[in-house]
Each structure stands twice: as C-alpha cells, then as structure tokens.
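Undergrad: For reference, the sequence and a predicted model appear below.
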Amino acid sequence: MMVGTTGRARRGGDRLLAVPDALRQRRCADLFVALLCVAGAGCDTPEEPKTYAALAPPAAAWPRLTREQYRAVVSDVFGDDLALPSQLEPDASIEGMFAVGAAIATVSNRGVELYEDGARGIARQIVEKSGRLGDLLPCGLGSREACLQALVDRYAPRLWRRPATAEERGRVVAIGLKAGTALGTDADAIEYALVALLQAPQLLYRAEVGEPDPESKGSLRLTSFELAGKLALVLAGGAPDAELIARAADGSLHQPKVLRQEAERLLKLPSARRAVRAFASQWLHLDGLEGLNKDPTIFKHFSTDLGGAAREETLRLVEWLVFDQDADMRDLITTRTTFVDRRLAAIYDVPAAVEDGYGQVTLPASGLRRGLLGHVSFLASRSHPVSSSATLRGVFIREALLCEQVPLPPSNLNTAIPEASAAAPTLKERLIAHMLEPNCNGCHSFTDPPGFGLENFDGIGRYRSHDNGALIDPSGAIDGVQFKDAVELADAVANNPNYRKCLVEKVWAFANNRRPGKGTHGTLERLEDRFGDAGMRLRALFVDVVMDPSFRRLAVAKATP
C-alpha cells in the first residue's frame, strides 16, 4: 500500500512505505493532544477552520467543441448508428489538453467546409435511412412550416444546449422551406434544416454569456442552460439529456442540492465513462499513439497497430479504476492490474486472458512493471524510433504527472548525447556524461534521473536487463526520494505531493477549458484538500470541481475606452 497525505496506509509492492515525517509529526501531535484531553487538561477550543484565498472569477470564453465532443453530441441526439465525419477542424492543444486549447480554437476556411460537409453527410443519412425520418419528425407531414418549427424546438435544446430563440428558429425554418420549394419534397426541407442545426455556431461553440450572479455582486454566473451544457460535456462528454434540460428550464439547476444530484446522476450514466476516457486521453497524452512509429529492424515486436492497442490498455485501466473500483488514483501508478490484448501480452511476457480483444491480467509481483509507468502507451511514446529515452520519460513525469515546468533548451545548444563506448555503454552512463556539460546539467539533472528508473524497458516497452551488453542500473532519485528500480520509482511518483496537486489542476483545467490562473489558488488548494480527504477518488473530484463556484462564475467584462 501507499501512504498519502490523507493518512491512510496503503501497501506498495511487498513493502509498507514509511509515513512522511511531516504527517508522522502531525499524528504524534494529535495523539499528544488527545491524551491531554483524556487526562482532563481541557480541550474545549475547536480548531479554527482552514481559510482559502477568494476566487477571482475568470473572463468569459467561448470554447469550441472538440472533434470528439461534436461526434458525441450528434450520436447522443440522433443515434449511434450514423457514420460520423472523420475529418473536422483539428483540435488545438495546450499542454496536451484539447479542452484548454478549445478556448482559443477558431475555425479556418477549410474547417468551415469540413463542418458543412459533415453536417450534410449526417443529415442525408437521417432522411435516407428507412424508418428514421418518421421517427425523427415531431409532427405529421401536414404543414411543412409547422413541422420544421417543431423540428427545431425538439432538437435545438440538445444540439445547441439551449432552446432556439424565435429569431433562430425562423432562420432555420426559412432554410428548410427554401430547400423544400426548390427541390420539391418534405425530406429535402428536413435535410437542409438539419444541416443548418448541425453546423450552427450554437452547436460548435459552448457559449459563456452569463447573467448577474445574485450571490456575488459585480460578477456573472452561467445561465442555467449554459451550466447544463457545460455539465453535460464535462461529466458525460456529449449532449444534455431530457432530465438535465428540465432542471435548466425550471431554473433549479442553480440550487446546490440539485446541481450535486445532477452531477452524481450523470456520473452513473454509461456516457460518464466516455467523458473520463476523454480526460485521461488528454491528461496522459494518448491521442497521438495511433501514429506511433518505430524501427522494426530494432524492435521486432513492433507493428503499426501497437499504438492504438496501447492507448486502449491505458484507457481501460483508468475506466476500471474510476468506475469499477472507485479507487485511489495513486493506484494508476502502482497497480499490478492491467488490460491487454494478445500483442501487448507478448510484449509484457504474460499469458493473454482472452483470445480476442482485451482481458484483465495481473502482472507478476516479482517483475518491475507496475501501473502507468509500465504501459507501452507511456514507454513507447516517450522514446525515440530507435531507442529508449530517459529524458523524454522524465519530462513526461515532471510535466504531465507532477505539473512541473521543464525549460526549453537554448536554440543554439547541441543536444546530442555521446555515442556508446566501452567507458559509457548504457544510455544512463552516456546521459550522466552529457550532464557534465554546464549548459546541459540544469535541465537534464531535473528530467533524467526519474527516467533512469525505467531504463529496464526498451523503446517499445519490452523488459531488458542489459543495454549494449552492459547491465542496466535503474537507480535514481526524484525530489530527494531515492529509488533502486521502476517499482520504487512508481511509489515515489504516486506519493509525491505534486501528483495529487497536479491531478486536481488537470481536472479543473479540463472542466473549465482554461489553465489555472492567479485567482484560482485558493480554489485549487481547497479542491486538493477535499480530494485527499476523499481518498483521491476521481469521481468525487469531478463532483467537487463542478460544485465549486469557479465552475459557474464569470468576471464582468470591462468596457474598453
């Protein structure tokens, strides 16, 4: 078990980790006070509650839906049997997070064409599929105009995450009527009205207009429909359902009790797994794995489908930990459980649990492979096409798992490391020699030691004991904690206080489409404390994030002179 700042002892491998000194001292002090109370020394004065810095509401934003969110919304509204557009405007990424990049994403001229082509393809499938048009229409085929009006009123609240205004409804109806007159059929009218709904800015962008906040003078809060739309995208990854729309329509969603009920309800829906997978994919930089490229003459177990399989392994583990186990998220780093297909099982040298697809396996307790840091998704993507890379792996640990900033090297710096030699045959020894360069030491002494612990895994994640014929030394240190191998490195990362802090920041950024700013320090500190108190459970963290005022409060825009 691991030990975190929540005070719960948890076992890591076969060793019971020591309680950190600060936590042990605090427990001793608490015990001493308790003994004094029992002895009658008097302990009537309650401990003062911790105070946090006030929130400075962020400016409003209009985040663009990611490609995954757009497809999910369409599937939620019209069914999952549609062929959805494979090409849409690329997502913008900031620190690996498409959710954050969405706040600055625009649509290029080519992107406009792609959304139009996609909308036409979706609408055409809807009207052409046998029986679908009759199910789609909220009215009979009597009055074409009335039918189009009813169509907009039925589907806009879910597609646009709010009802259409009278003016917006009129524009969509006019498009449908014009198409029906020109082309001659009700199906044509419906098709073009759907195209208008499916490429409208109201769908492509999540509005943050806001309204005066009665609980915070001088600031705004999201309207009830804006709050519902944001809640659905964060916790379900798609369109709001009828129940959530009803809570927005009657205004009750602003009540904390109702908001919590809806958040907890959404996290019990199957679509919540989609949302958590989207978060994990961005946080752990999994989206580029389909293009994983390795030299097959060096890595005999590599194939072009390895990256996709590795991505699915990691996402299945996250899904299992969050929804099936409601586990402490430190387990993501230290668990021996994973989900592999036959190809990954061969790389891990374990029996495949199932003939086809992915099966749950338990990695050998005697091995060095544990959790995320033992996954091909991490080890192969943080390596070069022809070799492993302690530097790339260390950078990922620092930036993605601990939220520490690694400075870029000077543009004129020679970053080449020495070639293997009799004096320095292993990558670790070559990097240590590289660190002797004064201009290189600052960064490499920060990034490489954590990566040394993973040198027993080659550029696609297969175990090895030697590098260039020399025995690998996987020992190192991270933030003053020494480790002898990958097993101890996993414990050191999972119990690093920055891991908990970083995970809170990543969830907050994912939910709010922005990086934390100066006005969110108190918010993040409070969320981190609650996360620790709740046993570092991700579902509880998502609920706390959406319940926090920072999720729904906006700054009033300042007038420009």
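TA: Received, thanks. Numbering: from 1, shown residues only.

Undergrad: list the buried ones in stretch 351-364?
TA: Residues of stretch 351-364 classed as buried: Ala352, Ala353, Tyr358, Gly359, Val361, Leu363 (neighbour count, 16 or more other C-beta atoms under 10 Å). Every C-beta, even on glycine, is put in place using the N, C-alpha and C of the backbone.

Undergrad: May I have the predicted confidence score for the closest residue to the second one other than its chain neighbours?
TA: Going back to what we said before, that points to Ala353. Take Ala353 and drop its neighbours on the chain: the residue closest to it by C-beta to C-beta, 6 or more residues apart in numbering is Gly359, 2.7 Å away. We have a pLDDT of 98 for Gly359.

Undergrad: Need the phi and psi values for Gly359.
TA: Main-chain dihedrals, Gly359, degrees, to the nearest 10: phi -130, psi 150.

Undergrad: and what of the one 10 residues further on?
TA: Geometry field for Arg369 lists phi and psi as phi -90, psi 120, criterion degrees, to the nearest 10.

Undergrad: Give me the neighbour count for it.
TA: Using other C-beta atoms under 10 Å, Arg369 has 24 neighbouring residues.

Undergrad: what's the spacing between it and Thr181?
TA: With the distance defined as C-beta to C-beta, to the nearest Å, Arg369 ends up 66 Å from Thr181.

Undergrad: Could you tell me which residues make contact with the spatially most central residue of the chain?
TA: Central residue of the chain (C-alpha atoms, centre = their mean): Phe279, 1.7 Å from the mean position. Contact analysis of Phe279 by C-beta atoms under 8 Å, 6 or more residues apart in numbering lists Ala99, Lys506, Val507, Phe510.

Undergrad: again, 6 Å this time
TA: Phe279 is in contact with Phe510, counting by C-beta atoms under 6 Å, 6 or more residues apart in numbering.

Undergrad: what about it, which helix or strand?
TA: According to DSSP states H and E, Phe279 maps onto helix 271-283.

Undergrad: quick one: buried residues of the very next helix or strand once past that helix?
TA: Using DSSP H and E, the helix or strand that directly follows helix 271-283 along the chain is helix 306-319. For helix 306-319, a neighbour-count test (16+ other C-beta under 10 Å) marks 306-307, 309-319 as buried.

Undergrad: Hey, what's the angle from helix 306-319 to helix 271-283? Just curious.
TA: Here helix 306-319 runs at an angle of 120 degrees relative to helix 271-283 (axes from the mean of the first three to the mean of the last three C-alpha atoms, to 10 degrees).

Undergrad: Just the CA coordinates for helix 306-319, please, in CSV.
TA: Output of helix 306-319 as CSV, limited to C-alpha atoms (Å, rounded to 0.1, in the frame of the first residue of the first chain):
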residue,chain,number,x,y,z
LEU,A,306,0.6,-1.3,-31.4
GLY,A,307,0.0,2.4,-30.6
GLY,A,308,-3.8,2.0,-30.8
ALA,A,309,-3.7,-1.1,-28.6
ALA,A,310,-1.5,0.6,-26.1
ARG,A,311,-3.8,3.6,-25.9
GLU,A,312,-6.8,1.3,-25.3
GLU,A,313,-5.0,-0.6,-22.5
THR,A,314,-4.4,2.6,-20.5
LEU,A,315,-7.9,3.9,-21.0
ARG,A,316,-9.4,0.6,-19.9
LEU,A,317,-7.3,0.7,-16.8
VAL,A,318,-8.4,4.3,-15.9
GLU,A,319,-12.0,3.3,-16.6
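
Undergrad: Quick one: residues in contact with the helix or strand just after it.
TA: Next in sequence after helix 306-319, counting helices and strands by DSSP H and E, comes helix 331-334. Residues from elsewhere that reach helix 331-334, judged by C-beta under 6 Å, 6+ apart: Gly12, Leu321, Arg370, Gly371, Leu372, Ala490, Val493, Ala494.

Undergrad: Show me how to select, in ChimeraX, the buried members of the residues you listed.
TA: Only the buried entries of the contacts of helix 331-334 go into this ChimeraX selection, using 16+ other C-beta under 10 Å:
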select :12,321,370,371,372,490,493,494
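
Undergrad: Throw the contacts of helix 331-334 into TSV and include pLDDT, secondary structure and distance to Leu220, thanks.
TA: Listed next are these as TSV, based on pLDDT from 0 to 100; DSSP: H, G, I helix; E, B strand; the rest coil; distance: C-beta to C-beta, whole Å:
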residue	pLDDT	secondary structure	distance to Leu220
Gly12	39	strand	46
Leu321	98	helix	37
Arg370	97	coil	46
Gly371	98	coil	42
Leu372	98	helix	39
Ala490	98	helix	44
Val493	98	helix	40
Ala494	98	helix	39
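
Undergrad: of all the contacts of helix 331-334, which comes closest to Val545?
TA: Checking the contacts of helix 331-334 against Val545 with C-beta to C-beta, the nearest one is Leu321 at 18.0 Å.

Undergrad: Give me the neighbour count for the residue nearest to that closest one when sequence neighbours are not counted.
TA: Excluding the flanking residues, the one nearest Leu321 by C-beta to C-beta, 6+ apart is Ala327, at 4.4 Å. By the criterion of other C-beta under 10 Å, Ala327 has 18 neighbours.

Undergrad: And stretch 497-516, how far out from the chain middle?
TA: Offset of stretch 497-516 from its chain centre (C-alpha atoms, centre = their mean, to the nearest Å): 10 Å.

Undergrad: got the CA positions of that stretch in PDB?
TA: In PDB, the C-alpha atoms belonging to stretch 497-516 read as follows (Å, rounded to 0.1, in the frame of the first residue of the first chain):
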ATOM      1  CA  PRO A 497       2.600  15.600  -3.100                       C
ATOM      2  CA  ASN A 498       2.800  17.200  -6.500                       C
ATOM      3  CA  TYR A 499       1.000  14.200  -8.100                       C
ATOM      4  CA  ARG A 500      -2.200  14.900  -6.100                       C
ATOM      5  CA  LYS A 501      -1.900  18.700  -6.700                       C
ATOM      6  CA  CYS A 502      -1.300  18.100 -10.500                       C
ATOM      7  CA  LEU A 503      -4.300  15.800 -10.900                       C
ATOM      8  CA  VAL A 504      -6.500  18.400  -9.300                       C
ATOM      9  CA  GLU A 505      -5.200  21.100 -11.700                       C
ATOM     10  CA  LYS A 506      -5.700  18.800 -14.700                       C
ATOM     11  CA  VAL A 507      -9.300  18.000 -13.900                       C
ATOM     12  CA  TRP A 508     -10.000  21.700 -13.100                       C
ATOM     13  CA  ALA A 509      -8.500  22.700 -16.500                       C
ATOM     14  CA  PHE A 510     -10.400  20.000 -18.300                       C
ATOM     15  CA  ALA A 511     -13.700  21.100 -16.800                       C
ATOM     16  CA  ASN A 512     -13.200  24.800 -17.200                       C
ATOM     17  CA  ASN A 513     -11.400  25.000 -20.600                       C
ATOM     18  CA  ARG A 514      -8.600  27.100 -19.200                       C
ATOM     19  CA  ARG A 515      -5.400  26.700 -17.200                       C
ATOM     20  CA  PRO A 516      -5.500  27.800 -13.600                       C
END
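
Undergrad: Residues touching it, excluding its own?
TA: Applying C-beta under 6 Å, 6+ apart, the external contacts of stretch 497-516 come out as 63, 97, 99-100, 102-103, 234, 279, 283, 401-403, 524, 527-528, 531, 541, 545.

Undergrad: swap in stretch 362-378?
TA: By C-beta under 6 Å, 6+ apart, the residues outside stretch 362-378 that reach it are 286, 310-311, 314, 332-337, 456, 461, 485-487, 490.

Undergrad: repeat that for 7 Å
TA: Stretch 362-378 is contacted by residues 14, 286, 289, 306, 310-311, 313-314, 332-338, 344, 347-348, 350, 396, 454, 456, 460-461, 463, 485-487, 489-490 when judged by C-beta atoms under 7 Å, 6 or more residues apart in numbering.

Undergrad: Of these, select the buried ones using a ChimeraX command.
TA: To isolate in ChimeraX the members of those that are buried, counting by 16+ other C-beta under 10 Å, one can use:
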select :286,289,306,310,311,313,314,332,333,334,335,336,337,338,344,347,348,350,396,454,456,460,461,485,486,487,489,490
